[in-house]
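# next come a sequence and a model predicted from it.
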Amino acid sequence: MNDFDGFDVRLLVDEDGEWIAHFIELPNISAGGATSEQAIWELRIAWGLVKDSYRAHGEKIPTPTLKEAA
């Protein structure tokens, strides 16, 4: 199991030169940083907090569907 539970991550550079990392299937979960490594690190933290929120609300944590369809 990887840090992102099977979700694929996309890395982009914004117009200010900052790196943005987000899940392809969950684009609202994203994080940024001065380097790609920092953006990935911040996304790990964000994903952990999102999962904590799902658990706290008794909701099912999303799973990747693109790979299931392939």
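Arrived safely.

# for the rest of this, base every contact and every neighbour count on C-alpha atoms.
OK.

# which parts of stretch 30-48 are buried?
If you call a residue buried by 16 or more other C-alpha atoms under 10 Å, then stretch 30-48 has these buried ones: 30-33, 36, 38-44, 47.

# out of those residues, which are inside strands?
Counting by DSSP state E, the buried residues of stretch 30-48 place S30, A31, G32, G33 in strands.

# could you list the low-pLDDT ranges of this protein?
Along the chain, segments meeting pLDDT under 70 span 1-2, 66-70.

# helices of that one, start to end?
In the chain, the helices defined using DSSP state H lie at 36-56, 66-69.

# packing partners of the longest one?
Under the contact criterion of 3 or more C-alpha pairs under 8 Å, 6 or more residues apart in numbering; DSSP states H and E, helix 36-56 touches strand 19-23, strand 30-33.

# contacts for that helix?
Contacting residues not belonging to helix 36-56 are listed as 3-4, 11, 19-22, 29-33, 60-61 [C-alpha atoms under 8 Å, 6 or more residues apart in numbering].

# which of the residues you listed are buried, as a PyMOL select command?
Once 16+ other C-alpha under 10 Å is used to decide burial, the buried members of the contacts of helix 36-56 can be selected in PyMOL as follows:
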select buried, resi 11+19+20+21+22+30+31+32+33
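
# now the contacts of helix 36-56 as a markdown table including distance to Y54?
Supplementary listing: the contacts of helix 36-56 in a markdown table, determined by distance: C-alpha to C-alpha, whole Å:
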| residue | distance to Y54 |
| --- | --- |
| D3 | 17 |
| F4 | 15 |
| L11 | 25 |
| W19 | 26 |
| I20 | 23 |
| A21 | 21 |
| H22 | 18 |
| I29 | 13 |
| S30 | 16 |
| A31 | 18 |
| G32 | 22 |
| G33 | 25 |
| K60 | 6 |
| I61 | 6 |
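
# follow-up on the earlier one: determine which two of the buried residues of stretch 30-48 are furthest apart.
Based on C-alpha to C-alpha, the longest span within those runs between S36 and W47 and measures 16.3 Å.

# re the thing from before, mind putting the buried residues of stretch 30-48 into a markdown table with distance to R55?
What follows is the buried residues of stretch 30-48, written out as a markdown table (distance: C-alpha to C-alpha, whole Å):
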| residue | distance to R55 |
| --- | --- |
| S30 | 19 |
| A31 | 21 |
| G32 | 24 |
| G33 | 27 |
| S36 | 29 |
| Q38 | 26 |
| A39 | 24 |
| I40 | 23 |
| W41 | 22 |
| E42 | 20 |
| L43 | 18 |
| R44 | 17 |
| W47 | 12 |
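
# much appreciated, bye for now.
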